[in-house]
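Participant: The following block contains a protein sequence and its predicted model.
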Amino acid sequence: MRTSRTLGLFMIAPASIMIFLFFLMPVVLTAIFAMTNMSTATGISGGAWQVTQAAVNRLKTDLPELADGIAEPRFIIDEEGLKELETLKLKPGFAAELRAEHMGEVYPSRREAERVIKALKDRPSTREVKQISDLFNRSVLNTRFETRDELMANLKKLGFDLTPQQQDIVARATYTGWIWTTDNFRIISSSPDMAQIFFNTAFYVSVTLLLFNVGYALFLALTTHYMQASTASVFRAIWLLPRITPVVIYVLLWKWLTWDSGFISTFMSQFGYPPKNYLLDTAYNAWFFVILINGFIGASMGMLVFSSAIKAIPQTQFHASEVDGASRLQQIRYIILPQLRWPILFVTCYQTLSLLASFNEILLSTRGGPGKATEVWSLAAFHTALNNYTGNLEYGLGAAMALVLVVVGIILSLIYLRIFRYDTLISKPLIED
Amino acid sequence: MRILLDKFSKSFGSTKVIEDMNLEVASGEMLALLGPSGCGKSTTLFAVCGIHRPTSGRILFGDRDVTNLPSQERNVGVVFQSYALYPHMTVEENIGFPLMVKRAAAPDIKKQVAAIAALVHIDNLLDRRPSQLSGGQQQRVALARALIRRPDVLLLDEPLANLDAKLRLEMRSEIRRLQRETGITAILVTHDQVEAMSMCDRIAIMKSGEIVQIATPSAMYNDPRTSFVAGFLGNPPISFIKGTAFQGAFVSGDGHLKVPLAALSGISDDTPLTLGVRPEHFGTGGDIAVEGRIVFAETQGRENLYDVALPDGSVLRSIQPVRNDIKPGDQVRWMLGSDAAFIFAENGQRL
Ligand SMILES: Nc1ncnc2c1ncn2[C@@H]1O[C@H](COP(=O)(O)OP(=O)(O)OP(=O)(O)O)[C@@H](O)[C@H]1O
Ligand SMILES: [Mg+2]
């Protein structure tokens, strides 16, 4: 017993490794990314400390005085600057006079510093004034520091004496690399855009699922069941076409149908309607076509699953129910549907997950438009993390959105199992007493 | 309600299963359709209940032509050979199904189900599902489901095949009593001749899609029209001896056995014949002595069964009250009742 169990574990080890690598790792990595603010701006390796205007803005709430101070350029007549000035081979009087008369003076702006330089006895030219003032510019604005200590040392030199707490705040505000954060989830839960996308997704998934992937599929399976075998198979084959057509071509056909020079426009122009792009005309139309495009693909799988499940019901049950007086509708209601519980659960679950996760048809047809009318969660995650107009790809936020999708999928599956009472679907052992 | 099959034919594609069958079941009668496997019993039943449409011919219930009426409108109760219970329903729901689709009131259904379940002794199983029942229990559920709507016609496709011997006896009389009480016209399909003989008013024996003979059990037993019918009825079965006609008598192959028979008066000599003798007509009583050797002996409790081999190799069966003086290998000289023997022509027709 023990040995056979270990042997079993050994035998499934390759499969377990595969599952871990290809199924669990992506989820784990997504979860990890979701807890960061990685983006094109931060890069995915480490970063530096830089007092950008954005960093200053971030500091304004916590340390307003410091923020104002840092933002200002500062000019300090110090030994360091004087030494550099001496090496420039300008008139030696400049350095000598500055050292003698102005050593240690701090000017809050370039203008004040340059006024002092211009007033030097040796009369520096305008170009020289600029050159000299640059040497004493001690502003940290937009300077890149490779380490945190370097930044702090420079700030100290500028006269900002910071407590360790304040240092932390400054360091956080000026760091340009990625950091661990839960902000992504805060953004997702509070942004009205996200709420709209969430609502779009719920609408898209539930309507496509109910009307087509389950509803229409069931309708097709039931009607073909009562058809003659040959007619039924022709019918089923037709509904399989959307599934077996490559999706790019399939969507292209739809586009051809809805373009402003397409079939619908041409047809409607017969009745005096001006041609227009029916697909992207209004949000209402966009949804209409997005659901049709996805539904026609999705219905075929349910149809096949349901048809074969109906075929598996023994003929005599249909005979018996007819003899018992059941009409067709009653036969469907009381004999077929109850025995399709498991296939319906399967198709509902499977199609919910695929509708949640797949966005290729929408991407190819409306790209989420018009505006963001047909933007669904997975497409939004794709746009956020991998393909957006601003060029700043927010990997962290995108991963967080994907993670939300995974969690929603799991929760929905559990709910389905409850609704369909999965436990009762597993047959119980024969009991005799 | 009378059932009439008028020139009923049924074929599946090119396979002709039944051709020009005429059959009348009188109102309130219980008829057995008896025959070997594959002879078309279920097919006939399916045509009567409307699952199969006849290829040609008519089916009448009373004076009403139901040939093209769907099953739903025929008010027949059917117990299918494979039970055809609904696996997703409890026993109670299964039995109540015919009433439920008629939209009867729920309490009413419950009451009737309880009554009929008690009748077939499954009232303690009402909450089970068919998969939790034994074969016999399933069969009784099917019977209850067929009876609950008080059908005009009850069709039973081997309803007792899966019951144990005791229950089978009990159910036999139960079904018969129910059928008598309700006055339902019933057709019972079976290949168990004891069942057919004990339960039914008349028996129709079928062979390859044709009705060979239709008669009451005793008439059928005592006056079979063909050797097939004679061979099908009777347990232990009749024994046959091959021979020829000679001067108004049957003579076995080697001339050892000679049985003068009135039926052979007009038959020319050397016509090939078959003699049929039921086991109860061979033994201690009779008019013709037959010598042979016991090759097989078996006790059935009250009676003993012996197989006696004649010198030409043919075997006569004998059933007698229990006796202990004979064992296999013994040479015996027993009597055959020639007036109870049947004589058949080569094509199986009785002479
Ligand atoms: N749907 C069908 N298609 C083709 N042939 C069929 C069909 N149903 C029955 N048959 C054939 O018709 C013949 C009679 O079948 P049927 O089921 O009536 O036999 P049966 O007398 O009920 O036999 P059993 O005692 O084994 O139930 C068989 O030879 C069978 O192969
Ligand atoms: Mg049969």
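Facilitator: Yep, that arrived. Numbering: from 1, shown residues only, chains lettered A, B, ... in the order given. Ligands and ions are numbered 1, 2, ... in the order given.

Participant: need the longest helix for chain B.
Facilitator: helix B:165-182 (DSSP state H).

Participant: cool, and chain A?
Facilitator: Under DSSP H, chain A gives helix A:283-311 as its longest helix.

Participant: Are it and chain B in contact anywhere?
Facilitator: No - using C-beta under 8 Å from any C-beta of the partner chain, no contact is recorded between helix A:283-311 and chain B, whose separation bottoms out at 12.5 Å. Any C-beta I mention is one placed from the backbone N, CA and C, and that applies to glycine too.

Participant: quick one: strands adjacent to whichever helix or strand comes after the longest helix of chain B?
Facilitator: Helices and strands here follow DSSP states H and E; after helix B:165-182, the next one along the chain is strand B:185-190. Within its sheet, and counting by DSSP bridges, strand B:185-190 is paired with strand B:30-34 (parallel), strand B:153-157 (parallel).

Participant: For the nearest residue to residue A:72 once chain neighbours are set aside, grab the count of nearby residues.
Facilitator: On the basis of C-beta to C-beta, 6 or more residues apart in numbering or on different chains, the spatially nearest residue to residue A:72 that is not a chain neighbour turns out to be residue A:108, at 5.7 Å. The criterion is other C-beta atoms under 10 Å in any protein chain shown. On that basis, residue A:108 has 12 neighbouring residues.

Participant: Residue B:18 reaches residue B:42, doesn't it?
Facilitator: No - under the criterion of C-beta atoms under 8 Å, residue B:18 makes no contact with residue B:42, lying 10.8 Å away.

Participant: The two: which has the busier surroundings?
Facilitator: Neighbours per residue (other C-beta under 10 Å) separate residue B:18 from residue B:42, with residue B:18 holding more: 25 against 20.

Participant: Mind checking what secondary structure the more buried one has?
Facilitator: Three-state secondary structure (criterion: DSSP: H, G, I helix; E, B strand; the rest coil) places residue B:18 in strand.

Participant: Same check on the one 10 residues further on?
Facilitator: For residue B:28, the assignment made with three-state DSSP gives coil.

Participant: separation between it and residue B:177?
Facilitator: 14 Å (C-beta to C-beta, to the nearest Å).

Participant: More neighbours: which of the two?
Facilitator: In terms of neighbours (other C-beta under 10 Å), residue B:28 is the more surrounded of residue B:28 and residue B:177; the figures are 15 against 11.

Participant: Tell me who's in contact with that one.
Facilitator: The contact partners of residue B:28, taken as C-beta atoms under 8 Å, 6 or more residues apart in numbering or on different chains, are B:183-185.

Participant: could you flag which of these are buried?
Facilitator: Burial by neighbour count, judged by 16 or more other C-beta atoms under 10 Å in any protein chain shown, picks out B:184-185 from those.

Participant: I'd like the contacts of residue B:28 as CSV, with pLDDT and distance to ligand 1 appended.
Facilitator: As requested, those are exported to CSV (pLDDT from 0 to 100; distance: C-beta to the nearest ligand atom, whole Å):
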residue, pLDDT, distance to ligand 1
B:183, 86, 26
B:184, 90, 21
B:185, 93, 20
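
Participant: Out of the contacts of residue B:28, which comes closest to residue B:89?
Facilitator: Distance ranking of those against residue B:89, using C-beta to C-beta, places residue B:184 first at 24.6 Å.

Participant: these two touch, right, the closest one and residue B:156?
Facilitator: No - in this structure, residue B:184 sits apart from residue B:156 without contact. The criterion is C-beta under 8 Å, and the distance is 10.6 Å.

Participant: residues contacting the closest residue to ligand 2 within the stretch 301-433 of chain A?
Facilitator: Using C-beta to the ion, the single residue of the stretch 301-433 of chain A nearest to ligand 2 is residue A:316, 11.3 Å away. Taking C-beta under 8 Å, 6+ apart as the contact definition, residue A:316 lies against B:80, B:82, B:84.

Participant: Need the CA coordinates for stretch B:144-163. PDB is fine.
Facilitator: Taking C-alpha atoms only, stretch B:144-163 is exported to PDB below (Å, rounded to 0.1, in the frame of the first residue of the first chain):
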ATOM      1  CA  ALA B 144     -46.900   0.800 -10.900                       C
ATOM      2  CA  ARG B 145     -46.100   3.600 -13.400                       C
ATOM      3  CA  ALA B 146     -48.000   1.800 -16.100                       C
ATOM      4  CA  LEU B 147     -51.100   1.200 -13.900                       C
ATOM      5  CA  ILE B 148     -51.400   4.500 -12.200                       C
ATOM      6  CA  ARG B 149     -53.200   6.300 -14.900                       C
ATOM      7  CA  ARG B 150     -55.900   3.500 -15.300                       C
ATOM      8  CA  PRO B 151     -55.000   2.800 -18.900                       C
ATOM      9  CA  ASP B 152     -57.500   1.400 -21.400                       C
ATOM     10  CA  VAL B 153     -54.900  -1.000 -22.500                       C
ATOM     11  CA  LEU B 154     -52.000  -2.500 -20.600                       C
ATOM     12  CA  LEU B 155     -49.000  -3.700 -22.400                       C
ATOM     13  CA  LEU B 156     -46.400  -5.800 -20.500                       C
ATOM     14  CA  ASP B 157     -43.100  -6.600 -22.100                       C
ATOM     15  CA  GLU B 158     -41.800  -9.500 -20.100                       C
ATOM     16  CA  PRO B 159     -42.700  -7.800 -16.800                       C
ATOM     17  CA  LEU B 160     -41.600 -10.700 -14.600                       C
ATOM     18  CA  ALA B 161     -38.400 -11.700 -16.200                       C
ATOM     19  CA  ASN B 162     -36.200 -10.400 -13.400                       C
ATOM     20  CA  LEU B 163     -38.200 -11.500 -10.300                       C
END
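
Participant: Let me know the average pLDDT across it.
Facilitator: Here the mean pLDDT over stretch B:144-163 is 88, rounded to a whole number.

Participant: Residue A:287 reaches residue A:376, doesn't it?
Facilitator: No - contact status for residue A:287 versus residue A:376: not in contact, 10.6 Å apart, counting by C-beta under 8 Å.

Participant: just the strands in chain A please.
Facilitator: Under the criterion DSSP state E, chain A contains strands at A:49-50, A:75-76, A:106-107, A:144-145.

Participant: What does the pLDDT read for the closest residue to ligand 1 within the stretch 101-250 of chain A?
Facilitator: Among the residues of the stretch 101-250 of chain A, residue A:229 lies closest to ligand 1, at 13.1 Å counting by C-beta to the nearest ligand atom. Per-residue confidence (pLDDT) for residue A:229: 85.

Participant: Domain map for chain A?
Facilitator: According to the domain assignment given by automatic domain parsing, chain A is divided into the following structural domains: A:1-29, A:49-174, A:186-425.

Participant: between the ones you listed, which gets nearest to residue B:76?
Facilitator: Checked against C-beta to C-beta, the stretch from the domains of chain A lying closest is domain A:186-425, at 6.1 Å.

Participant: Out of the helices and strands in chain B, which is least certain?
Facilitator: In chain B, no helix or strand scores lower on mean pLDDT, DSSP states H and E than helix B:165-182, which sits at a mean of 84.

Participant: The nearest residue to residue A:136 once chain neighbours are set aside and residue B:15, how far apart?
Facilitator: Distances taken as C-beta to C-beta, 6+ apart put residue A:81 closest to residue A:136, at 4.3 Å, once the chain neighbours are dropped. When distances are taken as C-beta to C-beta, residue A:81 and residue B:15 turn out to be 112 Å apart.

Participant: neighbours around residue A:95, how many?
Facilitator: Applying the criterion other C-beta under 10 Å, we find 21 residues in the vicinity of residue A:95.

Participant: my bad, residue B:224
Facilitator: Around residue B:224 there are 24 other residues, counting by other C-beta under 10 Å.

Participant: Please consider this matter closed, and thank you.
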